[in-house]
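Engineer: What follows is a predicted structure for the sequence shown.
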2 protein chains.
Amino acid sequence: MTVVLRAETDTDSIESVVAGLFRAWNAGDALALAGFFAEDADLVNIHGMHLRGRQAIAGIYEMLFRSVFSGSSVTGGISSSRLLRNHVAVVHLKATVTMQAAPMTGSHNVVTSVVMVHDAAHWRVASLHNTLVSAA
Amino acid sequence: MTVVLRAETDTDSIESVVAGLFRAWNAGDALALAGFFAEDADLVNIHGMHLRGRQAIAGIYEMLFRSVFSGSSVTGGISSSRLLRNHVAVVHLKATVTMQAAPMTGSHNVVTSVVMVHDAAHWRVASLHNTLVSAA
């Protein structure tokens, strides 16, 4: 499986990358989702699963979108964003994921930390970490 | 409350910052813990609570170490570490937190993403995100 990067217009701002991630999730499109990540990106999901690399992200989400995340949708946006250095940003997202499939049927609030790196004129996700917001 | 930064020798390498974070946790020392963070750091904990800034981190952990995290201990270490740019590193930790207090009594595996920035000869935590590893 080869993950093809999307058109330049999808990654020319931090906001457009975030919008693209949400759009890809809502389309259940693992290849599009992975295309926003750097080739050597890290992703830690709500289950504490640590994925390494764009190919791994595409492969696992291909499976997840066919099973537990099947029919799921996400809404939300950026809650904070700041540059750590030139071309390196830390972005936090607040989102609500609505799951159709068991065992997580229903709506769940999540907080996401994203590190983005600007490279060759585009922002890419270098590291992303997702956590469910618990009632506790 | 003023958070005093620790001695230089505690933050001169990524490994020493990680060791310092674990040592501070095991001592239940919120001020020491917060001292490893940059002044404007972000922290997202296992409950999806997003803390902003060293002062907030010190204040909340002071409370947590007196309540749900009272008597807790952590073991673990670095599972991966890479430089995104000069002076900016993404580090992942695998750790086991053993809780004494309800409602989380027992041992829990966690995965942590940490962004560190090297500034004025020291590594500081710019962003940290913690997630429980679930059995699912």
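Structural biologist: Looks like it arrived, so ask away. Numbers count the residues shown, from 1 in each chain, chains lettered A, B, ... in the order given.
Engineer: Show me what from chain A comes close to chain B.
Structural biologist: A:40, A:42, A:44, A:46-50, A:52, A:79-80, A:82, A:84-85, A:87-88, A:90, A:92, A:103, A:109-111, A:113, A:115, A:117, A:126-127, A:129-134, A:136 (CB under 8 Å from any CB of the partner chain). For every residue, glycine as well, the C-beta is placed using N, CA and C.
Engineer: Show me which of these are buried.
Structural biologist: Among the residues of chain A next to chain B, those scoring as buried are A:42, A:44, A:46-50, A:84-85, A:88, A:90, A:92, A:110-111, A:113, A:115, A:117, A:126-127, A:129-133 (criterion: 16 or more other CB atoms under 10 Å in any protein chain shown).
Engineer: Among the residues you listed, which lie within strands?
Structural biologist: Those of those mapping onto strands are A:42, A:44, A:50, A:84-85, A:88, A:90, A:92, A:110-111, A:113, A:115, A:117, A:126-127, A:129-132, per DSSP state E.
Engineer: hang on, isn't A:Phe22 packed against A:Val74?
Structural biologist: Yes - under the criterion of CB atoms under 8 Å, A:Phe22 makes contact with A:Val74 at 5.4 Å.
Engineer: what is in contact with these two at once?
Structural biologist: Shared contacts of A:Phe22 and A:Val74, defined by CB atoms under 8 Å, 6 or more residues apart in numbering or on different chains, comprise A:Ala95.
Engineer: what about stretch A:28-38, how long is it end to end?
Structural biologist: 20 Å (CA to CA, to the nearest Å).
Engineer: middle-most residue in chain A, spatially?
Structural biologist: Centroid-nearest residue in chain A: A:Leu21, 5.2 Å away (criterion: CA atoms, centre = their mean).
Engineer: Please tell me how far that residue sits from A:Ser107.
Structural biologist: As judged by CB to CB, to the nearest Å, A:Leu21 and A:Ser107 stand 18 Å apart.
Engineer: so the residue nearest to the centre of chain A sits in a helix?
Structural biologist: Yes - under DSSP: H, G, I helix; E, B strand; the rest coil, A:Leu21 falls within a helix.
Engineer: can you pull the contacts of it?
Structural biologist: A:Leu33, A:Phe36, A:Val125.
Engineer: Please report the distance of A:Ala56 from A:Met63.
Structural biologist: Going from A:Ala56 to A:Met63 by CB to CB gives 11 Å.
Engineer: more crowded one of the two?
Structural biologist: A:Ala56 (16 against 11; other CB atoms under 10 Å in any protein chain shown).
Engineer: how about that one, what does it touch?
Structural biologist: A:Ala56 touches nothing, counting by CB under 8 Å, 6+ apart.
Engineer: and if you look at the one 5 residues further on?
Structural biologist: Counting by CB under 8 Å, 6+ apart, A:Tyr61 touches A:Ala30, A:Leu33, A:Ala34, A:Phe69.
Engineer: Which member of those is positioned nearest A:Thr98?
Structural biologist: Nearest to A:Thr98 among the contacts of A:Tyr61 is A:Phe69, at 10.5 Å by CB to CB.
Engineer: rewinding a little: out of the contacts of A:Leu21, who's nearest chain B?
Structural biologist: Checking the contacts of A:Leu21 against chain B by CB to the nearest CB gives A:Val125 as the nearest, at 11.3 Å.
Engineer: Chain neighbours aside, what residue packs nearest to that closest one?
Structural biologist: A:Phe37 (4.6 Å; CB to CB, 6 or more residues apart in numbering or on different chains).
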